[in-house]
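quick one, fold the following:
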Amino acid sequence: MFKGWTIFEKLFLILGTISAFVLTFLFKGTWIDLGYTLLYFWTALLLAKGKYACYIIGIISTFFYAYVSYSNSYYGEVIIAMCCTLPLMIIGLINWLKHQDNTNTVIIKEITKKELLLVLLSQVVMFAGYYYLLKIFNTNNLLVSTFSIVASIIATYLTARRSEYGFIGFIINDIILITLWSIPVISGNCNLIPVLLCPVLLLINDIYGVYNWRRIKNKQKIGAI
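Alright, predicted model coming up:
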């Protein structure tokens, strides 16, 4: 399973997993919180490596995240998870399975400027719709949740399309999520520290993902010559 993993990837996997268990124990987090953190972390790391298994684990993690978000009145995150992330992950899994190289790594695609522009413009147009929908549900931290929806949809779509630009979207979304989950932690809900750990790990992972996907793409270009 770990064939071809770098020392950094192995250490990051081990340390991230241990950190999730330790923080859950120290701050009396729930098993649901731990499950969400671990599954999303493993999903992100496999995504950075370009392995389709990221979608299989990711589909499961979506349900965990929806439950954690609903429990904390982050209804925008529930909508992201069930109405946007889940369908895009299913589409992404199908697309990735159809485009594998001889190392079972996804073949990275050059997305056109036109498609990228259309994706960005579509979410600018939809921003107001997301905002008022979340307002109807009385969502906590409304503006931050709305930005989270936009960043998450763009990032998930682009990675499902096999574009390295998806990681830029994920980095932006990680920063938003760190802000989102820091608010209840700062307010005294220390049980959510394991949940806050997840976007911190994801931020490190997605910065690495930008580097690794460019490396994979260059290798695939050389192999195609």
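
going forward, measure contacts between C-alpha atoms and count neighbours the same way
Noted.

by mean pLDDT, flag the weakest helix or strand of this structure.
Least confident helix or strand of the chain, by mean pLDDT, DSSP states H and E, is helix 75-79 with a mean of 78.

buried ones in the helix or strand where Ile94 lies?
Assigned by DSSP states H and E, Ile94 belongs to helix 86-98. By neighbour count on 16 or more other C-alpha atoms under 10 Å, the buried set for helix 86-98 is Leu86, Leu88, Met89, Ile90, Gly92, Leu93, Asn95, Trp96.

going C-terminal from the one helix or strand Ile172 maps to, what's the next secondary structure element?
Assigned by DSSP H and E, Ile172 falls within helix 166-186. Counting by DSSP H and E, the element after helix 166-186 in chain order, helix or strand, is helix 193-224.

direction-wise, compare that following helix with helix 166-186 and give the angle.
Interaxial angle, helix 193-224 versus helix 166-186 (axes from the mean of the first three to the mean of the last three C-alpha atoms, to 10 degrees): 170 degrees.

list the buried ones in helix 193-224?
So helix 193-224, judged by 16+ other C-alpha under 10 Å, has buried residues 193-199, 201-203, 205-206, 208-210, 212-213, 216-217, 220.

same thing with stretch 120-128?
Residues of stretch 120-128 classed as buried by neighbour count (16+ other C-alpha under 10 Å): Gln123, Phe127.

and what of stretch 100-113?
Gln100, Thr105, Val106, Ile107, Ile108.

quick check, nearest of the buried residues of helix 86-98 to Ser71?
For the buried residues of helix 86-98, the minimum distance to Ser71 (C-alpha to C-alpha) is 18.8 Å, reached by Leu86.
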